[in-house]
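> fold the following for me, if possible:
(one chain, ligands or ions: 2)
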Amino acid sequence: MVDEDLLAKELDEALLARREIAPLARTHGDFDLPAAYRIQERGIAMRLARGERIVGYKMGLTSAAKRAQMSLGLPIYGVLTDAMRVEASLRVGDGVHPKIEPEIAFVTKRELSGHISQSDAFAALQGVAPALEVLDSRFTGFKYFSLPDVVADNCSSWRFVLGPLREPRDTGGLSMRMRVDGGTAQEADSSAISGHPLESLVQLVQLLPHPLPAGSIVLAGAATVAEALRPGMEISLEVEGLGRVEVRAV
Ligand code: OOG
Ligand code: MG
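Ligands and ions are numbered 1, 2, ... in the order given. Predicted coordinates:
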């Protein structure tokens, strides 16, 4: 049994000090996925105590490309707070080794819980938007030891950028192109996300130990691998029929 409070504090201190730490499963011994989610929840409680507010959730490892990049197997979720949301520009130096990836976001208008279908999920949408997620792991070299390590670290959540919210529409089979400084860096079809991005929302609702509140922002997961961020980079994502989101790294 690991001391879950201690592990949550270690991660939180690393986050605040912008310091890398060794994977927890290596320094403290193995812990399971339920323990990892409890550690994640304690970390979020510390952020809430500092005045942050939960605005949604992100799904991770929903694409085969991401699972291969991180050598990790299962879809996982993390929490998004208002402090993680950025517009227009992003300070790379506030992080340790941030990476950016192309996503699709949903905003819900109704509470969702339990086993739902894709059409239930669709009916509960307020809107959809192109989104960029910026990950930053607290672990040395952005390397993981185990899936529980990543989950405990709030699934590497760090920052996210939402494009303009559009009326709900089918998000399956849309071409997605992420550009860095004008050149194409990553391209994929949105079906790379869980077979269909809406499936990520279905899975999130099933994984969450409580209902997903109305008004939640949900990042469906990356369609491709992530790109390392450096100051000066201009990143944009264009999703067919959904428009564009962009951010400048400073
Ligand atoms: C885990 C988080 C993965 C995604 O979209 O697949 C993720 C990681 O890669 O560190 O956010
Ligand atoms: Mg992601």
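> residue contacts, Ile39?
Residues near Ile39 by Cβ atoms under 8 Å, 6 or more residues apart in numbering: 4, 7-8, 11, 24, 31, 151-152. Quick note: C-beta positions are derived from backbone N, CA and C, even for glycine.
> now it: how far from Gly141?
21 Å (Cβ to Cβ, to the nearest Å).
> also Glu13?
Glu13 is 19 Å from Gly141, by Cβ to Cβ.
> between these two, which one's more packed in?
Higher neighbour count among Glu13 and Gly141: Glu13, with 13 against 9, using other Cβ atoms under 10 Å.
> the one helix or strand the more buried one maps to near ligand 1 at all?
Following DSSP states H and E, the helix or strand that holds Glu13 is helix 4-17. No. Using Cβ under 6 Å from any ligand atom, helix 4-17 never reaches ligand 1; the gap is at least 13.4 Å.
> tell me the mean pLDDT over that helix?
Computed over helix 4-17, the mean pLDDT rounds to 97.
> can you list the buried residues in that helix?
4, 7-8, 10-12, 14-15 (16 or more other Cβ atoms under 10 Å).
> what helices or strands is that helix leaning on?
helix 24-28, helix 33-49, helix 147-152 (3 or more Cβ pairs under 8 Å, 6 or more residues apart in numbering; DSSP states H and E).
> single out the most deeply packed of these.
helix 147-152 (a mean of 25; mean count of other Cβ atoms under 10 Å).
> nearest residue to Leu72 in space, please, no chain neighbours.
The shortest distance from Leu72 to any residue other than its chain neighbours is 5.2 Å, reached at Leu147 (Cβ to Cβ, 6 or more residues apart in numbering).
> ok, now how distant is that neighbour from Ile76?
Applying Cβ to Cβ to Leu147 and Ile76 gives a distance of 7 Å.
> pretty sure Val202 sits against Ser119.
No. With contact defined as Cβ atoms under 8 Å, Val202 does not count as touching Ser119 (9.9 Å).
> which one of those two has more residues nearby?
Using other Cβ under 10 Å as the criterion, Val202 and Ser119 rank with Val202 on top: 20 against 10.
> show me what contacts that one?
Per Cβ under 8 Å, 6+ apart, neighbours of Val202: 116-118, 120-121.
> same deal with Asp181?
By Cβ under 8 Å, 6+ apart, the contact list for Asp181 reads 233-234.
> can we see that at 10 Å?
Counting by Cβ atoms under 10 Å, 6 or more residues apart in numbering, Asp181 touches 232-236.
> beyond the lowest-mean-pLDDT helix or strand in the chain, next helix or strand please.
Counting by mean pLDDT, DSSP states H and E, the weakest-scoring helix or strand in the chain turns out to be helix 64-70, with a mean of 82. Using DSSP H and E, the helix or strand that directly follows helix 64-70 along the chain is strand 76-81.
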